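Visitor: the following block contains a protein sequence and its predicted model.
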Amino acid sequence: MAHVELKPCFLTPKRVKLDYPLFVYLPGMDGTGQLLRSQTAGLELGFDVRCLAIPRKDLTTWDVLTNNVLDLIHSELEKSCHRPVYLCGESFGGCLAMKVATQSPQLFKRIILINPASAFQLRPWLNSLSQLTDLVPSWFYDVGALGLLPFLASLPRMSSSDRHELLKAMRSVPPETINWRLWLLREFNVDQEKLQQLTQQVLLIAGGSDRLLPSVSEVERLDDILPNTKTVLLPDSGHACLLEEDVNLYDILQANEFLETDMQVSKKLQVNR
């Protein structure tokens, strides 16, 4: 697994498609950007995909992370500015996506939030437990990652290689970074009025069997706040649902009419080249 040590960057697939809508994926707590790999081939049917990778030792604030993401997106748009941008955030990345979208709402055509970790504050016991992580010895984190795995993912629905990659990603993050990102989740807040000003279509995806966070409740809460939403419930899926073999994000977007307009835009761009 490649480590990013200096500052956040976008991981780019082998095939860059500047004529296609830009799809920006913001990852979960691991921050590696590597765990979208099982979905990338499908997404590349209609998008130019970028995955955010956050340095292992990054201890910056929500505001700094938000500005880093926006700078990276603007850099991509300098290469091909006349194309729509899709913003997709999963878990921790769902919180970051809300920060990014509310800071620059005009930038995004559509937004996808998958098991957003804004639900973290809805479980007081998890919030309280996270405050004790500073007392845990660093050697315990490797063991703890293995114990957390059944809560983070629906393991029978994943291939053995994806289970291995998930555990590897979890163990790649240093204890101090885990503690920092947990603190960020405890302190996470987005002004409700700013969320209500996001008029573009937002797709809310929740794993119905999420054992880590109350994602269904959080998606229902966001559905009441955001003005233009569609909700998808994956009844058998866990928190890390994009790693499950039966979950295809591109198919979900297509089934919920998140693609049609932008595919027409993409074709026009190709004709005009």
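Guide: Structure received.
Visitor: hmm, residue 104 and residue 200 touching each other?
Guide: No: using CB atoms under 8 Å, residue 200 makes no contact with residue 104, being 11.8 Å away. Placement of C-beta: from N, CA and C, glycine included.
Visitor: got any residues that touch both of those two?
Guide: Residues touching both residue 200 and residue 104 (CB atoms under 8 Å, 6 or more residues apart in numbering): none.
Visitor: which residues in this structure form strands?
Guide: Using DSSP state E, the strands found in the chain span residues 9-11, 22-26, 48-53, 85-90, 110-114, 202-207, 229-234.
Visitor: pretty sure residue 210 is touching residue 115, no?
Guide: Yes: applying CB under 8 Å, one finds residue 210 in contact with residue 115, separated by 5.9 Å.
Visitor: which one of the strands of the chain lies nearest to residue 186?
Guide: strand 85-90 (18.0 Å; CB to CB).
Visitor: model confidence over that closest one, on average?
Guide: Across strand 85-90, pLDDT averages out at 98.
Visitor: do the same with stretch 51-58
Guide: On average, stretch 51-58 scores 95.
Visitor: tell me where the protein has helices.
Guide: Using DSSP state H, the helices of the chain run over residues 37-43, 62-79, 92-103, 124-130, 140-152, 160-171, 175-187, 192-196, 215-225, 249-255, 260-272.
Visitor: any low-confidence regions in the stretch 51-200 of the chain?
Guide: The stretch 51-200 of the chain contains residues with pLDDT under 70 at 122-151.
Visitor: re earlier: just name the most buried of the helices of the chain.
Guide: For the helices of the chain, the largest average neighbour count (mean count of other CB atoms under 10 Å) is found in helix 92-103, namely a mean of 25.
Visitor: for that one, packing partners?
Guide: Under the contact definition 3 or more CB pairs under 8 Å, 6 or more residues apart in numbering; DSSP states H and E, helix 92-103 sits against strand 22-26, helix 62-79, strand 85-90, strand 110-114, helix 175-187, helix 192-196.
Visitor: ends of stretch 209-217, what's the gap?
Guide: Between the start and the finish of stretch 209-217 there is a gap of 12 Å, counting by CA to CA, to the nearest Å.
Visitor: dump the residue contacts of residue 91.
Guide: Contacts of residue 91 by CB under 8 Å, 6+ apart are 27-29, 114-117, 213, 239-240.
Visitor: chain neighbours aside, what residue packs nearest to it?
Guide: residue 28 (3.7 Å; CB to CB, 6 or more residues apart in numbering).
Visitor: then residue 53?
Guide: Ranked by CB to CB, 6+ apart and with sequence neighbours excluded, the top spatial neighbour of residue 53 is residue 33, at 3.9 Å.
Visitor: kindly report the same for residue 18.
Guide: Using CB to CB, 6+ apart and skipping residues adjacent in sequence, the residue nearest residue 18 is residue 80, 4.0 Å away.
Visitor: just give me the neighbour total for the one you found.
Guide: Other residues within reach of residue 80, judged by other CB atoms under 10 Å, total 16.
Visitor: so it makes contact with residue 17?
Guide: No: counting by CB under 8 Å, residue 80 stays clear of residue 17, with 9.3 Å between them.
Visitor: shouldn't residue 211 be in contact with residue 240?
Guide: No: look at residue 211 against residue 240 with CB under 8 Å: they stay out of range, at 10.8 Å.
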